[in-house]
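Sequence plus the predicted model coming up.
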Amino acid sequence: MRARTLHEAWYRLPVFYFSNSLRIFGPEDEAPFPSATDRLDYEMELGRVIGRDGSDIAAADALDCIAGFCIFNDFSARDLQFDEMAVGLGPAKGKDAATSLGPWLVTTDEMAPCLRDGKLHVKCAVRVNGDVWLDRLY
């Protein structure tokens, strides 16, 4: 344990990391609110869908492996995640809530006009019950 004092959260909960691939929801689906948290939060991200096999791909060739892009919302139980991060292992139960994908997969060639200097520049939004909660330029 590298001769360090463990955070008290280490003794209250077993800490490990995994993502739950069975908790994926569509853009119009209701994401469940886990009973173990009081602070459910989300992160709007841009998902990349890999379209071919590859390993040790050079950065210059990475875009050739991407079939398309989609909105990726990662739901997190922040109160659980804060305790897990204090232990030093990383989020696990805090990331078990849900993931929402979509509503579309936009192919890489369709996104070509948004690529500048090897980076994608797009505007994304999160709506909850029709209300815009986040509007961001990536």
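Here it is on my side, so go on. Since this is a predicted model, take the numbers as computed values, not measurements.

Mind checking what secondary structure A62 has?
When classified by DSSP: H, G, I helix; E, B strand; the rest coil, A62 comes out as helix.

whoops, I mixed them up, G68
G68 ends up strand, using three-state DSSP.

Now for it, how many residues are close by?
17 (other CB atoms under 10 Å). In this view, the C-beta of every residue, glycine as well, is placed from N, C-alpha and C.

hang on, it packs against T107?
Yes. Using CB atoms under 8 Å, G68 is in contact with T107, at 4.5 Å.

how close does the residue most central in space within the chain get to A36?
Centroid-nearest residue in the chain, with CA atoms, centre = their mean: D74, separated by 3.9 Å. Per CB to CB, to the nearest Å, D74 is found 17 Å from A36.

which residues pair with the residue nearest to the centre of the chain across the strands?
When assigned by DSSP bridges, D74 has beta-bridge partners E43, T99.

residues in contact with it?
Neighbouring residues of D74 by CB atoms under 8 Å, 6 or more residues apart in numbering: Y42, E43, E45, K95, T99.

Would you confirm that V106 contacts C70?
Yes. Under the criterion of CB under 8 Å, V106 makes contact with C70 at 7.0 Å.

So which elements touch the longest helix anywhere in the chain?
Ranked by number of residues, the top helix in the chain under DSSP state H is helix 78-87. Other elements packing on helix 78-87 under the criterion 3 or more CB pairs under 8 Å, 6 or more residues apart in numbering; DSSP states H and E are helix 9-12.

buried set for the helix it packs on?
Across helix 9-12, burial judged by 16 or more other CB atoms under 10 Å covers A9, W10.
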